[in-house]
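Student: how does the following fold in three dimensions:
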Amino acid sequence: MSSNLSNDTKLIRGLSLTDSILLLASGIIGSGIFLTAKDIAASTRFPWLFLGVWVIGLAVTLLAAFAFAELGAMFPEAGGQYVYIREAYGDFVAFLYGWMIFTVSVGGTIAALGAGFAEYMGTVFPALSADRAIFVAGGFTLTRGHAVAAGSIVLLTLANIFGLRKGAILQNVATWIKFAAIGAFVILGVAFGKGSWSHYAPSAVSGPAGTLSVFSGIGVALIAVFWAYDGWVYITWVAGEVKDPQRNLPRSLIGGLLLVGVLYIAINAIYLYALPMTEIAAQPAVAQAAAGAMFGAGAARWLALMIAISCFGAMAPCIMTGARVYYAMAEDGVFFRSLARVSPRWHTPAGSLILQAIWSIALALSGRYDQLFTYVMFMMVLSYALTVFAIFILRRKRPDAERPYRCTGYPWVPALYVIFSGIWSINAVVERTKESLAGVGIVLLGVPFYFYWKRQRMNGVAALAAEQGQHR
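Tutor: Numbering: from 1, shown residues only. A predicted model of the protein is given here:
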């Protein structure tokens, strides 16, 4: 399918199994786990549901991961999910997926994480206060928060341009620090925190009743849960640089998700130990409120530093992997041709990384990334369902293809995910109609661009054929 627009320099396989697991875990654990508890508590209302919805989210995500593991072992190429969709449905559907990834999903995620990093760093170091203006021009104000967010994006982009290992080492260090901080929060909370196990008792619950049924409440809560778990697909995007991908890609997908699931359930268990459901449902910054309740007001600054590190660590794999999707699109001739080039010195897709940084910084400065990302979460889950269904299509289209890993529980496990995600999507349309339809609209905005690049590719192929004919 590739149009061979790239130069002869190729990506190199330099990511070990450990690198891959850390990349997946760090890509998932960003700011979401520290911010989503309020909405989840308001939707679930009961302690057992508040924790149970995280188990449900993990189980559902694992259903998809089993299918992705088979596809990843079949197609261990840069672009990952983009490649799987292309092979099953063709380049038009694959382009729309890649368009969504570039314009909103990755660009918005990097911008949001950069802004989160700046916000919490400003809490720890008042001189970097995110709201303090640097200069004002017309209706735009450049703040120190903008500068810190943009600087973090530039730093991580440069680290990834200057070689795969440099980017991986920076990501790994940030991830280990993140693990240590989360572990300390959980262990110290249980050992020394001023919480109460009575918050787990049904009699302690008097949360907001709302108007949602239990079923609809779980569905709405899963929007936040899926957002917090999102990022597990990153490892597939960088599959072209994973060592022994037929073995390591499935292992990192499943092992990394299980690791994150345990951490997420532990963190939310500590939130519930620290605060009753009524307070969790009323706190926009639940992690800080929980730390304050357990350790006193002085713990807020320590926790802010932990969240800042978490945001920075989550940006690293997002920046590394997202650029590989645009690289794969460019190789197929449905994106900017220059992005298909790999740096001959560093063996990285430098052009894709630079364009991604520019767009992410623009979103960070505009402040519109949160709204965009809310709109596209619905489409992200649909893209996962579409990809999982691709396993059925490819088993039929390519029955004899090599499959180093075969999906656990096939056909029931992928079928169950498709059914569950379909039910969830219907519930999302009913309960969040505006956001769902806006997500569809954002994706469809890419249609004219697809036909433009498609025509450019066809013109290039025709010109090359004419040139070759003249030389005969």
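Student: where does the stretch 201-350 of the chain have low pLDDT?
Tutor: For the stretch 201-350 of the chain, residues meeting the criterion pLDDT under 70 lie at 203-213, 215.
Student: got the residue ranges for the helices in it?
Tutor: 214-229, 234-237, 245-274, 277-280, 286-295, 299-331, 350-366 (DSSP state H, counting those that start in this stretch).
Student: just those: most buried one?
Tutor: helix 234-237 (a mean of 30; mean count of other C-beta atoms under 10 Å). (Glycine included, C-beta is placed from N, CA and C.)
Student: then that helix to CSV, C-alphas only?
Tutor: C-alpha atoms of helix 234-237 as CSV (Å, rounded to 0.1, in the frame of the first residue of the first chain):
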residue,chain,number,x,y,z
TYR,A,234,0.5,4.3,21.6
ILE,A,235,2.7,1.2,21.6
THR,A,236,1.2,0.0,18.3
TRP,A,237,2.0,3.3,16.6
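Student: neighbouring contacts of it?
Tutor: 20, 23-24, 27, 68, 71-72, 78-82, 84, 242, 249, 252-253, 256, 317-318, 320-322, 324-325 (C-beta atoms under 8 Å, 6 or more residues apart in numbering).
Student: run the chain-centre distance for that helix.
Tutor: 10 Å (C-alpha atoms, centre = their mean, to the nearest Å).
Student: go on, stretch 267-276?
Tutor: The answer for stretch 267-276 is 25 Å, by C-alpha atoms, centre = their mean.
Student: where do the strands of the stretch 1-150 of the chain begin and end?
Tutor: 133-137, 140-143 (DSSP state E, counting those that start in this stretch).
Student: can you lay out these as a markdown table showing mean pLDDT and distance to residue 266?
Tutor: A markdown table is the format used below for these (pLDDT from 0 to 100; distance: least, C-beta to C-beta, whole Å):
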| stretch | mean pLDDT | distance to residue 266 |
| --- | --- | --- |
| strand 133-137 | 80 | 40 |
| strand 140-143 | 82 | 35 |
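Student: give me whichever of those is most buried.
Tutor: When those are compared using mean count of other C-beta under 10 Å, strand 140-143 is most buried, at a mean of 14.
Student: which strands and helices sit next to that strand?
Tutor: The contact analysis (3 or more C-beta pairs under 8 Å, 6 or more residues apart in numbering; DSSP states H and E) places strand 140-143 against strand 133-137.
Student: from the contact counts, what lies against the strand it packs on?
Tutor: Using 3+ C-beta pairs under 8 Å, 6+ apart: strand 133-137 touches strand 140-143, helix 144-161.
Student: quick one on the thing from earlier: got the strands of the stretch 1-150 of the chain as CSV, with distance to residue 429 columns?
Tutor: Shown next, in CSV, are the strands of the stretch 1-150 of the chain (distance: least, C-beta to C-beta, whole Å):
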stretch, distance to residue 429
strand 133-137, 41
strand 140-143, 36
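Student: of all those strands, which one is nearest residue 106?
Tutor: In terms of C-beta to C-beta, the element of those nearest to residue 106 is strand 140-143, at 23.5 Å.
Student: quick one: that closest one to chain centroid distance?
Tutor: Worked out by C-alpha atoms, centre = their mean, strand 140-143 lies 28 Å from the chain centre.
Student: tell me the strands beside it, with direction?
Tutor: For strand 140-143, the paired strands and their directions (DSSP bridges) are strand 133-137 (antiparallel).
Student: how about residues contacting the strand it pairs with?
Tutor: With C-beta under 8 Å, 6+ apart, strand 133-137 has contacts from 141-144, 146-147.
Student: orientation of it relative to helix 144-161 in degrees?
Tutor: Angle, strand 133-137 to helix 144-161, by axes from the mean of the first three to the mean of the last three C-alpha atoms, to 10 degrees: 100 degrees.
Student: distance from the chain centre to strand 133-137, please.
Tutor: So, by C-alpha atoms, centre = their mean, the centroid of strand 133-137 is 32 Å from its chain's centroid.
Student: ok, stretch 251-265 next?
Tutor: The answer for stretch 251-265 is 14 Å, by C-alpha atoms, centre = their mean.
Student: now stretch 117-128
Tutor: Here stretch 117-128 is found 24 Å from its chain centre; the criterion is C-alpha atoms, centre = their mean.
Student: buried ones in that stretch?
Tutor: With burial defined by 16 or more other C-beta atoms under 10 Å, the residues of stretch 117-128 counted as buried are 117-124, 128.
Student: would you list those residues in TSV and tack on pLDDT?
Tutor: What follows is the buried residues of stretch 117-128, written out as TSV (pLDDT from 0 to 100):
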residue	pLDDT
117	89
118	89
119	85
120	86
121	88
122	86
123	81
124	82
128	80
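Student: pick out whichever of these sits closest to residue 202.
Tutor: residue 120 (34.7 Å).
Student: how far away is the residue nearest to residue 34 when sequence neighbours are not counted from residue 304?
Tutor: Nearest non-adjacent residue to residue 34, counting by C-beta to C-beta, 6 or more residues apart in numbering: residue 287, 4.0 Å away. From residue 287 across to residue 304, the span is 9 Å (C-beta to C-beta, to the nearest Å).
Student: re earlier: need the least confident one among the helices and strands packed on strand 133-137, by mean pLDDT.
Tutor: Lowest mean pLDDT of the helices and strands packed on strand 133-137: strand 140-143, a mean of 82.
Student: residue 436 versus the closest residue to residue 224 other than its chain neighbours, what's the distance?
Tutor: In this structure, residue 224 finds its nearest non-sequential neighbour in residue 36, 4.1 Å apart by C-beta to C-beta, 6+ apart. In this view, residue 36 and residue 436 are 19 Å apart by C-beta to C-beta.
Student: now do the helices in the stretch 1-150 of the chain.
Tutor: Going by DSSP H, counting those that start in this stretch, the stretch 1-150 of the chain shows helices at 17-28, 32-35, 37-44, 47-74, 81-89, 91-100, 107-124, 144-161.
Student: for residue 459, which of the ones you listed is the nearest?
Tutor: helix 91-100 (16.3 Å).
Student: what's the burial count for the closest residue in space to residue 276 that isn't next to it in sequence?
Tutor: Excluding the flanking residues, the one nearest residue 276 by C-beta to C-beta, 6+ apart is residue 199, at 4.7 Å. The tally of other residues near residue 199 (other C-beta atoms under 10 Å) stands at 20.
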